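1. Got a predicted model here, sequence first, then my questions.
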Amino acid sequence: MKVILLSAGRSLRAKPIEDKNFLKFCGKTLVEHQVEALKKAGFNDILVVGGAHNKDKLKEILKPFKVQICEQKNLDEGMAGAVLAVEKAVGNEDIFIVSGNDVVDEKAYELMEKASKTTGDSFLLAYQVSSYFPGGYLKLQKDRVIGITEKPGEGNEPSNLINIVLHVHKNPKELFAELKKVSSKKDDRYEVALDNLMKERIFKSVKYTGFWQPIKYPWHVLDLTNHFLSGLKRKISKTAQIAKTATINGNVVIESGAKIYDNAVVQGPAYIGKNTVVANNALVRESIIGDNSVVGFSTEIARSFIGDDCWFHTNYVGDTVMGNNCSFGSGAVCANLRLDEKEIGDSKRNKLGPIFGENIRVGVQTSIMPGVRIGSNTMITSGLIIAEDIEPNKFVKGKTTLEIKDNKAILDKSARAKMKGKL
Amino acid sequence: MKVILLSAGRSLRAKPIEDKNFLKFCGKTLVEHQVEALKKAGFNDILVVGGAHNKDKLKEILKPFKVQICEQKNLDEGMAGAVLAVEKAVGNEDIFIVSGNDVVDEKAYELMEKASKTTGDSFLLAYQVSSYFPGGYLKLQKDRVIGITEKPGEGNEPSNLINIVLHVHKNPKELFAELKKVSSKKDDRYEVALDNLMKERIFKSVKYTGFWQPIKYPWHVLDLTNHFLSGLKRKISKTAQIAKTATINGNVVIESGAKIYDNAVVQGPAYIGKNTVVANNALVRESIIGDNSVVGFSTEIARSFIGDDCWFHTNYVGDTVMGNNCSFGSGAVCANLRLDEKEIGDSKRNKLGPIFGENIRVGVQTSIMPGVRIGSNTMITSGLIIAEDIEPNKFVKGKTTLEIKDNKAILDKSARAKMKGKL
Amino acid sequence: MKVILLSAGRSLRAKPIEDKNFLKFCGKTLVEHQVEALKKAGFNDILVVGGAHNKDKLKEILKPFKVQICEQKNLDEGMAGAVLAVEKAVGNEDIFIVSGNDVVDEKAYELMEKASKTTGDSFLLAYQVSSYFPGGYLKLQKDRVIGITEKPGEGNEPSNLINIVLHVHKNPKELFAELKKVSSKKDDRYEVALDNLMKERIFKSVKYTGFWQPIKYPWHVLDLTNHFLSGLKRKISKTAQIAKTATINGNVVIESGAKIYDNAVVQGPAYIGKNTVVANNALVRESIIGDNSVVGFSTEIARSFIGDDCWFHTNYVGDTVMGNNCSFGSGAVCANLRLDEKEIGDSKRNKLGPIFGENIRVGVQTSIMPGVRIGSNTMITSGLIIAEDIEPNKFVKGKTTLEIKDNKAILDKSARAKMKGKL
């Protein structure tokens, strides 16, 4: 069976996060995690579909896994286009289409492998939900899938099973042919093709109740951070330097060359990447910090995903997603809670920090409000409150007017002396 | 002898502090402290006068003390109204009128008890001052009080004894009758009645030099905080969790369920209420923190009174009075010193933070200037300087105009590499 | 030989730094360091030239060294005027003119002493450079100096030797006479006089490759800080109080009466002056802190020069030069890096904080941008971004407009309960 791992999508809803495939969770990019899990589940023939924007990086990163890389030329054709892009690379073997946007346990892959050996033409991973979720619900006739209903609304669900794009097809040529019959202008071309095939072919659902997390919106990165951290086992590299007065509690991974300075606290689960510094009196908890980053003096990073080469200095960063090479001036704050403590945007979270792309600089004492998105290559000057999304490649200033008068106040040395006495 | 504890007053000058009776000092409300001290001094028959606004809470809080509660219907009638409100509950026994606004040592109650057994009709607690204080001075003829002069001005004092409302009257019925003769419109109705009675009856002064602190103005809460802290003995609950690297110095009380995280410092005298968290690298010194509060990462609370359910995060809070359920965003500051180091308002203090009511939210990086009063149920957004009093139930925003241009700056990787080398 | 130490200059380019002679490096003023080094090199006859503005303080500070003090009346006459000011105090002995603005190793003084015993009339310290420096280059004929070319531009240097004002003259009377021939209006009167003398007299260069640091610009104080710190040996006064949980790493000097509180870190090389407090969770690294200062809670001072009587509170102070008696409100930041990480002003540094004179107050949450100069006796209110130089004796405010509406938000207790659960 050939795995078709779909990794070409451009993640518009996840803006300003750059390519999701390359988000590094605990030292490995997401696409590596997925390929690794597939390999562990016994899949060795893997074809990864990328786009012009990421195929070279996919090739480089996945080199050790010996996968094939295939380019989807027209990304506007979506998932159907991605599947058709592999047509020439596929023979008569079964194909196992796997979404690069959905993270599941290894066990889900194993279930699919097992199911594919039973009778039936296609197999769809069916995630069993206990409350309404706005996805595609399977319509069943006994154990045969006869349709998929998209977002039916609460109470109208044809089943409690959601379609996850882990699909095995035993007749790939038939699928390609069916896809070509549907207009390439249709957004749901792949779903329409399946619907048509279901009429004649036996589609079966493969029930699954383990971990599943799609990455549609940027805050899903925090759910994944949580997921990968929860699997962490304590491991501190021998080449890491840990000051005697530093505290490392719980399941913490500290990679080679990292330095933890005096009075710093790393509260697990947490991951500290290679050569990263956690400086004096800093606190990292329930977070992933990438490589070559500096968590400067008296900074707290809580429940966040931080990329490589990020620098902090006396900052609070909570429930925040941050790409590579971002830097914060002293006192800058990533706010993560509304004053009224209500949910932030459409995230369904009442704690959510800002979302940052890559190569961003934020000046001292600037605060970014909860859920605000800051595009890549943007610089924001000092002392501002940023309460709106900022596009990539922007330079943001505020307007300050100073009123400068002669100083007529006279300092009374006795007051100072009195205060000193109380220290 | 029946104690009449006057607790109905609405404390307009103490705004935005809500009912003073319920301020919790080291785990007990002020009114509990007072009733407890009276009981210890041997007074078991206690009648507490409340108003419609607080009588139920007084009843609930004072249940274990088995006191009577009596309602003063018309609060506009002040102290005289409060005394008259108990007329029906009083028989022929001596009465001991005690102000709920004046905090004294237990010893003062004992002195009054003792004095009441000597000859005379009424006994007034007389606080001996060594310098001018703007209060009511006793006019004496030998050891008989023949008048009270209100705020005579420095140099005109008839004695060095100030009238404190701890008054024993052996003929309560006469007092009630006399009060009724004076117009209810008079602000000083009680004082006028006493003046009249003094002509015929023997009033005696009971000299006292121990602790005395009225709560007129909000900063008096800080004086009381100091007082109650000074009596503290070190006691750490067995159910409190203290991290190994936390430091607890001096006379500190830590109540049950409290948690002190790594590298936190509690510098006595200090009181940490039930289930309160002092998080990593936080510092609490010379302060009272109520129950269920969170002194978040890298917060300092110094010489302050903090209520229940207050949350902090990387804040400085100095010389500050704060009611229940207030929350501060990261980086918010309670300023406590003028630039010119002069006294703040009419507090006679050169260190005084803001005064907060209850249920207040302050955004990240917002600073409240020294002595500023913030009313209950108010929210203040991020990045502001609040230099004026804010009424209750307000929502405060600032105006920020951003200037967003294209970013033309190019980051030079070599500069960064150079800086890293120096870390 | 009589040393003429030139200490009268008013340092306009070093503004807002007050008199450079009195900057205290590791407990001693610069002028003390220089006189001490001269004494160690064997020079015992020292004449210090001051001005009306500093001669009394020079006299007081240098008392233990038994030097002569001489006043230059007209400071506008620059170096030539300073030299002429000593005419009456000089007999027929050799004179050794030493700039108070140039800091060199003791060895340089020894080299000059040695050279002066060889044949020749005058001797100039010649600092050997390996790349272009905008100074005065020596023009040589064999080992004789025949001219000095000021700032010739890269590629046009007549030699790789720069003229440093450590000059021995064996015929002082001739020098005085020559100086008088040149118009007092000429800026380069001294240089012109030398030029004239060189035609007849034998001037020799004395090559030197050790430490040399002029103090022209304020950031040169940081270079000197570095220099004096690099020579430090660990020494902690017995009367200093160091908390058990404080960390003192490396070559650190802590003077008498200083206090280092719990969880503070002093990372050497660093100097902590007399009676100075490094409070809880503060960090001082690679810095000089003067006497009677307070490095308050959670403050970081890195690579900085800090005078006496400076108070900090939750501040970041990096690469900053600060005179005596400056005070910072909580959260104030000395920014030290541009967003684009380019060099700051003409300092050739990409890390440089602000420069402060003396007697300055900065409000809470105010940030001063990199390289900005703040004049003495200035006060800056809270919450501002100061991106421009501020003159001495100013009072600086910003304009904040608050928008105050009724608060319609309702706090939902369940949200708070949920958050508490996660703590």
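-> That came in fine, so what should we check first?
2. what does the model give residue A:418 for pLDDT?
-> Residue A:418 is assigned a predicted lDDT (pLDDT) of 66.
3. Check residue A:129 too.
-> pLDDT, residue A:129: 93.
4. just the helices in the stretch 1-150 of chain A please.
-> Secondary structure of the stretch 1-150 of chain A (DSSP state H, counting those that start in this stretch): helices located at A:30-40, A:55-62, A:78-85, A:106-115.
5. could you give the angle of the last one to helix A:30-40?
-> Following axes from the mean of the first three to the mean of the last three Cα atoms, to 10 degrees, one obtains 40 degrees for the angle between helix A:106-115 and helix A:30-40.
6. Dump helix A:106-115 to PDB, keeping only the CA atoms.
-> Below are the C-alpha coordinates for helix A:106-115, written out as PDB (Å, rounded to 0.1, in the frame of the first residue of the first chain):
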ATOM      1  CA  GLU A 106       0.000   6.000  15.300                       C
ATOM      2  CA  LYS A 107      -2.900   3.700  16.300                       C
ATOM      3  CA  ALA A 108      -5.100   5.300  13.700                       C
ATOM      4  CA  TYR A 109      -2.700   4.300  10.900                       C
ATOM      5  CA  GLU A 110      -2.600   0.800  12.300                       C
ATOM      6  CA  LEU A 111      -6.400   0.600  12.300                       C
ATOM      7  CA  MET A 112      -6.500   1.700   8.700                       C
ATOM      8  CA  GLU A 113      -3.800  -0.900   7.700                       C
ATOM      9  CA  LYS A 114      -5.800  -3.700   9.400                       C
ATOM     10  CA  ALA A 115      -9.100  -2.600   7.900                       C
END
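7. what's in contact with it?
-> A:1, A:37-38, A:40-43, A:96, A:98, A:123, A:125, A:164, A:166, A:168, A:204, A:206, A:208, A:210, A:212 (Cβ atoms under 8 Å, 6 or more residues apart in numbering or on different chains). Placement of C-beta: from N, CA and C, glycine included.
8. Just the mean pLDDT for it, thanks.
-> 95.
9. Pull out the buried positions in that helix.
-> Residues A:106, A:108-109, A:111-113, A:115 are the ones in helix A:106-115 that count as buried (16 or more other Cβ atoms under 10 Å in any protein chain shown).
10. Which of those residues sits closest to residue C:302?
-> Ranked by distance to residue C:302 (Cβ to Cβ), the buried residues of helix A:106-115 are led by residue A:106 at 46.7 Å.
11. Name all residues that make contact with the closest residue to the closest one other than its chain neighbours.
-> In this structure, residue A:106 finds its nearest non-sequential neighbour in residue A:37, 4.5 Å apart by Cβ to Cβ, 6 or more residues apart in numbering or on different chains. Residues near residue A:37 by Cβ under 8 Å, 6+ apart: A:105-106, A:109.
12. Residue A:1 versus residue A:37, what's the distance?
-> The gap separating residue A:37 from residue A:1 is 15 Å, by Cβ to Cβ, to the nearest Å.
13. repeat for residue A:383
-> 58 Å.
14. Same question for residue A:206.
-> Taking Cβ to Cβ, one finds residue A:206 at 14 Å from residue A:1.
15. Of these two, which one has the most company?
-> A count of neighbours by other Cβ atoms under 10 Å in any protein chain shown puts residue A:206 above the other of residue A:206 and residue A:1, at 23 against 17.
16. Surely residue A:230 touches residue A:268?
-> No - the pair residue A:230 and residue A:268 does not pass the contact test of Cβ atoms under 8 Å, sitting 10.5 Å apart.
17. Looking at the two, which is more packed in?
-> residue A:268 (18 against 11).
18. looking at it, the more buried one is touching residue A:234, isn't it?
-> Yes - between residue A:268 and residue A:234 a contact is recorded at 7.0 Å, counting by Cβ under 8 Å.
19. tell me which parts of the stretch 251-400 of chain A are close to chain C?
-> Contacts of the stretch 251-400 of chain A with chain C, taken as Cβ under 8 Å from any Cβ of the partner chain, map to A:261-263, A:280-281, A:297-298, A:313-314, A:329-331, A:337, A:339-342, A:350-351, A:361, A:363-365, A:379-383, A:398, A:400.
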